[in-house]
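A.B. asks: please find the sequence and the predicted model below.
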Amino acid sequence: MMEYTELEIPDVVLIEPKVFGDHRGFFMETFREDEFNEKVQDVRFVQDNHSMSGKGILRGLHYQIKRPQGKLVRVIEGEVFDVVVDIRKSSLYFGQWVGVTLSAENRKMLWVPPGFAHGFYVLSDSAQFIYKCTDYYAHELERCMLWSDETIGIKWPVTASPVLSAKDENGTLFKDAEVFE
Ligand SMILES: Cc1cn([C@H]2C[C@H](O)[C@@H](COP(=O)(O)OP(=O)(O)O[C@H]3O[C@H](C)C(=O)[C@H](O)[C@H]3O)O2)c(=O)[nH]c1=O
């Protein structure tokens, strides 16, 4: 049985797997549909992703309009500061963010519900980030919100300017972003 903990924005859930260590190494279950449906919500994952990033890389804040993706994210190498922003206008937490440190060492996972912008900043020399998505990637529906938008005020643990893609350098301000009802 994994441990499921609602964070400050209740729909965002931290999941901590049960780790079985022995002289060979470790084993852990990383997803169980029955438990997830009971503890979080009914879900159907249709796409798995895997990215590797160097130190100081920041990817985000990304989301898809029309076909928002729920994401179950975790780190299998290194350490990242993972951030989600509630961009559902109807939410009590609209415009609020929550951040958690995910690492290969702490083995923590995060459920990012549909309706949230998502991003992460790499703290280790490199990080491998894998995640399950509840809808397919659709380039034309992708949107990027500016990681450093003061109106959201994410406290990224950055020590220097993060390394960004051109897309992320030109993210949209929250006030101009296409958000959800
Ligand atoms: C996301 C995605 C990308 N791609 C292609 C499109 C580009 O040619 C290349 C790199 O894409 P991008 O720079 O958007 O990758 P990330 O910056 O890691 O994007 C992700 O970063 C943040 C953290 C997220 O939460 C999203 O899952 C996703 O937006 O992979 C695909 O073919 N399929 C996909 O699902």
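C.D. replies: Structure received.
A.B. asks: how close does the nearest residue to residue 153 once chain neighbours are set aside get to residue 163?
C.D. replies: Nearest non-adjacent residue to residue 153, counting by CB to CB, 6 or more residues apart in numbering: residue 97, 7.6 Å away. Every residue, glycine included, has its C-beta placed from N, CA and C. When CB to CB, to the nearest Å is the yardstick, residue 97 and residue 163 sit 21 Å from each other.
A.B. asks: against residue 149, how distant is the residue nearest to residue 153?
C.D. replies: Counting by CB to CB, the separation of residue 97 from residue 149 is 10 Å.
A.B. asks: and residue 122, how many residues sit next to it?
C.D. replies: When neighbours are defined as other CB atoms under 10 Å, residue 122 has 23 of them.
A.B. asks: thought it was touching residue 51?
C.D. replies: No: with contacts counted by CB atoms under 8 Å, residue 122 stays clear of residue 51, the gap being 10.2 Å.
A.B. asks: next up, the contacts around the closest residue to residue 141 other than its chain neighbours.
C.D. replies: Leaving out its chain neighbours, the residue that sits closest to residue 141 by CB to CB, 6+ apart is residue 64, at 4.4 Å. Listed by CB atoms under 8 Å, 6 or more residues apart in numbering, the contact partners of residue 64 are 135, 137-138, 141-143.
A.B. asks: so residue 36, which state does it fall into?
C.D. replies: What DSSP: H, G, I helix; E, B strand; the rest coil gives for residue 36 is helix.
A.B. asks: any idea how far it lies from the ligand?
C.D. replies: Computed as CB to the nearest ligand atom, to the nearest Å, the residue 36 to the ligand distance reads 19 Å.
A.B. asks: list the contacts of that residue.
C.D. replies: With CB under 8 Å, 6+ apart, residue 36 has these contacts: 43, 72.
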